[in-house]
Structures are given as structure tokens and as C-alpha cells.
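>>> Turn this into a structure:
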Amino acid sequence: MKLSLYYILASVCLSTALADPKPTVVPTERESTIGPDYTPALEMTRQPNVPEGQVHEFVMKSTDSKIYPGLKGPYERKVWVYVPKQYQSGKPAPFMIVQDGGGYVKRMAPVLDNLIQQKKLPAMIGIFLNSGGGDGKGSERGLEYDAVSENYTKFIETEVLPKVAADYKLAFTKDPAGRASMGGSSGAACAFTMAWFHPELYGKVLSYSGTYVAQESPDNPASPHGAWEYHENFIPKSPAKPIRIWMHVSENDNRSKDPESTYHNWVMANNRMAAALKAKHYDYRYVFSKNSGHVDGKVIAQTLPEALLWLWRGYPSTPPLR
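Predicted coordinates:
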């Protein structure tokens with residue numbers, strides 16, 4: 001009787017936490033609260049005697065793109081390709097696509113070096129892309145990241161991966177379990193969109209302060225509330241897809257005091273994403289961070305290695321669920 005009462009109380013507490021824009025306790029194995037203090041994970045710093053992967057850098061011109069030729073004229077985007085020392089030439093490798101890549105490549109390279117050397121991650125390739133520029137509605141970044149469509153996935157599959165493979169003599173796995181996408185803010189929503197529209201291509205998502213709000217531009221009748229539609233309609237009303245997602249939101253994330261009617265409260269949106277994923281029995285992990293803001297660097301420094309380990313657990317040559 002006492003055990004049953006415990007689960008009833010835990011369920012009530014969890015439902016309340018996810019409904020509240022600023023929960024302080026999320027009492028389940030899948031959801032947790034961290035902070036208010038943070039310590040960088042040891043893996044964020046390259047450890048002694050760890051082979052250093054090579055990072056290549058190149059520029060993509062909009063004039064060469066059929067999918068994103070430029071909203072307001074030509075532009076250029078930088079791309080970085082991380083190749084671990086352990087990569088076996090010619091062997092199809094697992095990989096991660098990272099949005100807003102310039103903000104992540106220097107932080108992530110040591111993490112990948114350390115965890116690949118420890119055989120806790122597969123010898124994966126990292127593709128770090130900047131957007132076409134700007135932010136929000138009417139921008140190239142907004143068109144790429146906030147659009148609830150398959151266009152960005154097509155861009156990666158038809159314009160990015162073939163070029164990277166040819167230029168650096170790489171091969172990529174076709175197994176969705178070995179293909180991940182990640183980002184922060186709109187880059188995180190983009191990562192989820194890639195998996196949502198093409199789960200047969202991308203089975204893993206890592207999301208910091210995801211922009212699951214109404215920010216799509218241009219307007220799309222199929223998703224009138226933009227990425228808000230994921231937790232409002234798409235996930236609840238669709239069969240569960242084979243997507244594993246690690247996601248996060250901060251206590252003081254963007255517009256955390258906005259009412260629901262704005263469709264622009266990041267904390268509310270991420271809470272509801274977690275609730276929708278839970279209801280459909282997705283393989284998800286949700287972290288709420290106290291005393292932190294939008295895509296907070298101190299949160300990333302503490303959680304990124306753990307997030308990567310959770311996301312890639314059980315993949316060939318990596319440990320099972322801990």
C-alpha cells in the first residue's frame with residue numbers, strides 16, 4: 001500500500017513539474033534537476049596520452065547550393081570536420097551533425113578525443129556547420145533551423161555529406177543508430193526536425209535550450225505554430241518514432257515568464273516536449289538546470305560528456321546502459 005502511494009505521489013509531482021514553467025524537482029530516472037552550481041566535466045579537457053583528432057576547415061558558398069541559395073543575396077558558411085585518429089579509412093563511420101558548429105568544435109574535440117580513446121564512444125566523425133547567418137524570422141539561420149520541414153536534412157544529405165566524404169576520403173554509416181544531430185536553441189530544434197522527418201536517417205538528437213516555439217519563417221500552413229507543433233500536436237498524435245533524444249532547458253531560459261498565448265516560452269516548450277515524449281514512451285533524457293540561461297556554457301561544460309555517453313550507449317564498441 002505504501003509503495004503504491006509512493007508511485008501515485010511521484011506521478012502527481014512529475015505532472016505538476018512538467019506543467020509548471022519553472023519546475024524545481026523532476027523525480028524520475030528520465031528527468032533530473034541540476035545546479036545551481038556547476039563544475040566542468042573532466043572530459044572537457046584533453047587528457048595526457050590521448051591521440052588528437054584532426055580538424056579540417058572549409059567554406060561552402062551559397063552560390064553552389066540548390067537548397068539554400070540565399071534569402072538576401074550570397075553568403076558563405078564555415079564548416080569544420082573532426083576526424084578521430086582511430087578512424088579506419090574506407091570504413092563507414094558513425095557521425096554527428098552539429099548546428100552553429102563554430103561555437104562547439106573547440107569544446108567538443110577534446111571530449112571526443114578522450115571518450116573515443118577510452119572506448120566509451122565509437123570512433124565517430126563530427127561535422128560542425130555554421131548557419132547561413134542572422135537569427136530569427138526572415139534570416140538565413142531561421143530559414144534553415146526553424147523550418148519544420150525536411151529541407152535541412154536534404155541539404156545535409158545531398159550537399160554536405162557528399163562533399164565531406166569526397167574531400168577528406170571518408171565514408172559514413174547508413175545506420176540511423178550511428179547518425180546523430182545536435183545543437184542549441186534553434187540549432188537544437190533543427191536537430192530534432194532532422195530526426196522527426198527522417199528517422200530512417202537520424203536516430204539520435206542532443207538538444208540544449210531547444211527552440212520548440214513558434215518561430216518558423218516563412219509561415220507554413222502544415223505547422224502554424226512552428227516547432228511548438230511538436231509537443232502540441234505532432235508527437236502526441238503520431239506513432240512513436242525510433243528517436244533517442246537527450247534534451248535540456250535552463251531555469252532562466254528565453255522568455256520564461258511569457259504566457260502560453262505567445263507560443264514563445266522556451267521553458268514551457270521544453271517541459272511539454274519532455275511530457276509528450278514520456279507519454280509516447282520515447283527513449284529520452286531531460287535535464288532542467290537551475291541558475292542558468294539560454295544555451296548556458298557552464299551547463300554544457302558539466303553535462304556534454306555525460307549527454308554524449310547516454311546518447312551513444314549500447315552502440316557497437318560502446319558500453320551498455322549504465
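>>> just for the stretch 201-322 of the chain, where's the confidence low?
Counting by pLDDT under 70, the stretch 201-322 of the chain contains low-confidence ranges at 319-322.
>>> Which residue ranges of it form strands?
204-208, 244-250, 283-289 (DSSP state E, counting those that start in this stretch).
>>> Which stretch among these is buried most, on average?
strand 204-208 (a mean of 27; mean count of other C-beta atoms under 10 Å). No exception for glycine: its C-beta is placed from N, CA and C like everyone else's.
>>> wait, W80 sits on V105?
Yes: checked against C-beta atoms under 8 Å, the pair W80 and V105 is within contact range at 4.5 Å.
>>> Report the set of residues contacting both of those two.
Counting by C-beta atoms under 8 Å, 6 or more residues apart in numbering, the contacts common to W80 and V105 are V55, G126, F128.
>>> I'd like to know which of those are part of strands.
If you go by DSSP state E, the shared contacts of W80 and V105 have V55, G126, F128 in strands.
>>> quick one: contacts for the second one?
Contacts for G126 (C-beta under 8 Å, 6+ apart) come out as W80, V81, Y82, F95, M96, V98, V105, M108, A109, L112.
>>> The last one belongs to a strand?
When you say that, I think you mean L112. No: applying DSSP: H, G, I helix; E, B strand; the rest coil, one finds L112 to be helix, outside a strand.
>>> contacting residues around it?
Counted by C-beta under 8 Å, 6+ apart, L112 has contacts G53, Y82, P84, L121, M124, G126, L308.
>>> count of neighbours near the closest residue to A240 other than its chain neighbours?
Nearest residue to A240, sequence neighbours excluded (C-beta to C-beta, 6 or more residues apart in numbering): K280, at 4.4 Å. Other residues near K280 come to 15 when the count uses other C-beta atoms under 10 Å.
>>> same question, Q54
Q54: 13 neighbours (other C-beta under 10 Å).
>>> ok, now G53?
23.
>>> Who are the contact partners of it?
Neighbours of G53 in contact, by C-beta under 8 Å, 6+ apart: Y82, V83, P84, K85, A109, L112, D113, I116.
>>> Tell me the predicted confidence for it.
For G53, the model assigns a pLDDT of 98.
>>> That one and L115: what is the separation?
Using C-beta to C-beta, to the nearest Å, G53 is found at 11 Å from L115.
>>> so where do the strands sit in the stretch 51-200 of the chain?
54-61, 76-83, 95-99, 125-129, 179-184.
>>> Would you convert those strands into CSV that also reports distance to A240?
Output for the strands of the stretch 51-200 of the chain, formatted as CSV (distance: least, C-beta to C-beta, whole Å):
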stretch, distance to A240
strand 54-61, 35
strand 76-83, 32
strand 95-99, 23
strand 125-129, 27
strand 179-184, 18
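>>> re the thing from before, with respect to V267, which of the ones in strands among the shared contacts of W80 and V105 is nearest?
Closest to V267 out of these is F128 (27.3 Å), distances taken as C-beta to C-beta.
>>> What is the burial count for the nearest residue to the closest one once chain neighbours are set aside?
Leaving out its chain neighbours, the residue that sits closest to F128 by C-beta to C-beta, 6+ apart is G101, at 2.6 Å. The number of residues packed near G101 is 24, by other C-beta under 10 Å.
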